[in-house]
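[1] kindly return the folded structure for what I paste below:
(chains A, B, C and D)
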Number of protein chains: 2
Amino acid sequence: MLRISKLTDYGTLILTHMARDPARVFSAAGLADALGLGVPTVSKVLKTLGRGALVTSQRGAQGGYSLARPPQQISVAEIIDALEEHPFGLTECSASSGLCNMEDGCRIRDNWLRINKVVRHALQDVSVADMIQPQGCGKGPDEHLILGPHAVATDKEKRA
Amino acid sequence: MLRISKLTDYGTLILTHMARDPARVFSAAGLADALGLGVPTVSKVLKTLGRGALVTSQRGAQGGYSLARPPQQISVAEIIDALEEHPFGLTECSASSGLCNMEDGCRIRDNWLRINKVVRHALQDVSVADMIQPQGCGKGPDEHLILGPHAVATDKEKRA
DNA sequence: TTAAAGAGTACGAAAATGGTTCGATATAGT
DNA sequence: ACTATATCGAACCATTTTCGTACTCTTTAA
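    Model (predicted):
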């Protein structure tokens, strides 16, 4: 359905929340409480993020999780890579090759690969640090786009 | 999973195949045979595409489906709109509003909306006509796609 | 030694998806 | 008018994926 899973959504929430105090160590329970999520769910997401080297964990009493890198260096694409099951790709044959029933003569595949690149690039250009910055409401160069009434056009150039 | 459904994938296959002979009327059975798909599946996809005004149908003997518009005017984004269930959006709260448990103070939503726009734009910039063009032909839609008028500022500091 | 906190596994419910079937309706050709 | 052809529309079921939770084990600070 062209949608990220809820776990991935939670991952962005968690990382965004942590990015507001990048040096602090957060416990899974504290994050769950702050974000209104279940502790096991948060724990699961954090563990997976740890495998993706986006957070580091400290076990034992007074332990917890903290960001592995400055929030400017954590992109949305990396969160998706860490939390989504399959390799990145909008279609089956563009994520892994050798599965299509027609294979050759399928020029569609090349075009999907190109579309993938563009989408992925868009995701790589947004960092967790960007996500916590309030967006200018309703002004920007891309106002003529399709998506919903709440579409907020913003300039990524406000990052520095 | 950040992936389109197979039905949507079939939709692009079908429309792409039809775009090679834009004026012709195709029967569902003929398309299914040409593409190696089941007839009921193709029929279902075509019916849905008809609801999205991407193809027109002619009932009765010698009937079938034909493209509603020139292939240059049918974008991948429209195919997704027609075949995917939910409104376009990478996250729940960016597709429809009023569902998030935190709602206010959730600046993430604005950023997801922005990401959505970029992704959607990438999808809108690719037409069915583009999909049947072989890749390496010099002025292929590659540059147009990546360096398009609304492309993201691609080069920031490269992380990852 | 004790308690806090992460690690890992496993499970059940729910939802999405993919594919099919059946009957109804419309049209072309005889 | 009759019939073969072909779409239309809705309903149905099996499979897969996803979501959330629970339970147990390991690590480590106080």
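
[2] what does chain A put close to DNA strand D?
    With CB under 7 Å from any atom of the strand as the criterion, chain A meets DNA strand D at residues A:5-7, A:10, A:37-38, A:40-41, A:44, A:59-63, A:84-86. Where C-beta positions appear, they are placed from N, C-alpha and C, glycine not excepted.

[3] how about a cut-off of 6 Å?
    Along chain A, the residues adjacent to DNA strand D under the rule CB under 6 Å from any atom of the strand are A:5, A:6, A:7, A:38, A:40, A:41, A:44, A:59, A:60, A:61, A:62, A:85.

[4] filter those down to the buried ones, PyMOL style.
    Paste this into PyMOL to select the buried members of the residues of chain A next to DNA strand D, with burial taken from 16 or more other CB atoms under 10 Å in any protein chain shown:
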select buried, chain A and resi 41
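
[5] just give me the least confident of the residues of chain A next to DNA strand D.
    Confidence by pLDDT is poorest for residue A:85 among the residues of chain A next to DNA strand D, given 71.

[6] helix or strand: which one has it?
    Under the criterion DSSP states H and E, no helix or strand holds residue A:85.

[7] repeat that for residue A:33.
    Secondary structure assignment for residue A:33, by DSSP H and E: helix A:28-35.

[8] hmm, back to that, also near chain B: which of the residues of chain A next to DNA strand D, exactly?
    For chain B, the contacts drawn from these by CB under 8 Å from any CB of the partner chain are A:5, A:6, A:85.

[9] now those residues in JSON lines, with distance to residue A:33?
    As requested, those are exported to JSON lines (distance: CB to CB, whole Å):
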{"residue": "A:5", "distance to residue A:33": "23"}
{"residue": "A:6", "distance to residue A:33": "19"}
{"residue": "A:85", "distance to residue A:33": "28"}
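
[10] nearest to residue A:14 among those residues?
    For these, the residue nearest residue A:14 by CB to CB is residue A:6; the value is 12.2 Å.

[11] doesn't residue A:83 make contact with residue A:51?
    No. Under the criterion of CB atoms under 8 Å, residue A:51 is not in contact with residue A:83, lying 9.7 Å apart.

[12] neighbour count for these two, which is higher?
    residue A:83 (23 against 10; other CB atoms under 10 Å in any protein chain shown).

[13] surely that one touches residue A:8?
    Yes. The criterion here is CB under 8 Å, and residue A:83 meets it with residue A:8 at 4.2 Å.

[14] any idea which helix or strand comes after the helix or strand of chain A with the lowest mean pLDDT?
    Every helix and strand of chain A was ranked by mean pLDDT, DSSP states H and E. The lowest is helix A:92-95, at a mean of 62. As assigned by DSSP H and E, the chain's next helix or strand after helix A:92-95 is helix A:107-124.

[15] residue A:70: what's it in contact with?
    Contacts for residue A:70 (CB atoms under 8 Å, 6 or more residues apart in numbering or on different chains) come out as A:22, A:129.

[16] from DNA strand C, how far off is the most centrally placed residue in chain A?
    Centrality entry for chain A: nearest residue to the mean C-alpha point is residue A:76, 3.2 Å, by CA atoms, centre = their mean. For residue A:76, the distance to DNA strand C equals 21 Å [CB to the nearest atom of the strand, to the nearest Å].

[17] contacting residues for that residue?
    Residue A:76 sits next to A:12, A:123, A:124, A:126, A:127, A:128, A:131, B:115 when contact means CB under 8 Å, 6+ apart.

[18] which of those residues are buried?
    Buried members of the contacts of residue A:76, counted by 16+ other CB under 10 Å: A:12, A:123, A:124, A:126, A:127, A:128, A:131, B:115.

[19] the first one touches residue B:115, doesn't it?
    In this case it means residue A:12. No. Taking contacts as CB under 8 Å, residue A:12 lies outside contact range of residue B:115: 10.2 Å.

[20] now do the helix or strand residue A:79 falls within: distance to the chain's middle.
    Using DSSP H and E, the element containing residue A:79 is helix A:76-83. The chain centre lies 5 Å from the centre of helix A:76-83; the measure is CA atoms, centre = their mean, to the nearest Å.

[21] please compute how far the one helix or strand residue A:16 maps to lies from its chain's middle.
    Assigned by DSSP H and E, residue A:16 belongs to helix A:6-19. Helix A:6-19 sits 8 Å away from the centroid of its parent chain (CA atoms, centre = their mean).

[22] so how many other residues sit close to residue A:114?
    20.

[23] now swap in residue A:111 and tell me
    Neighbours of residue A:111 under the rule other CB under 10 Å: 26.

[24] can you pull the pLDDT of the nearest residue to it once chain neighbours are set aside?
    Leaving aside its chain neighbours, residue A:111 sits nearest to residue B:131 (4.9 Å; criterion: CB to CB, 6 or more residues apart in numbering or on different chains). As predicted, residue B:131 sits at a pLDDT of 86.

[25] I'd say residue B:131 and residue A:110 touch.
    No. Counting by CB under 8 Å, residue B:131 sits too far from residue A:110 to count as a contact (9.1 Å).
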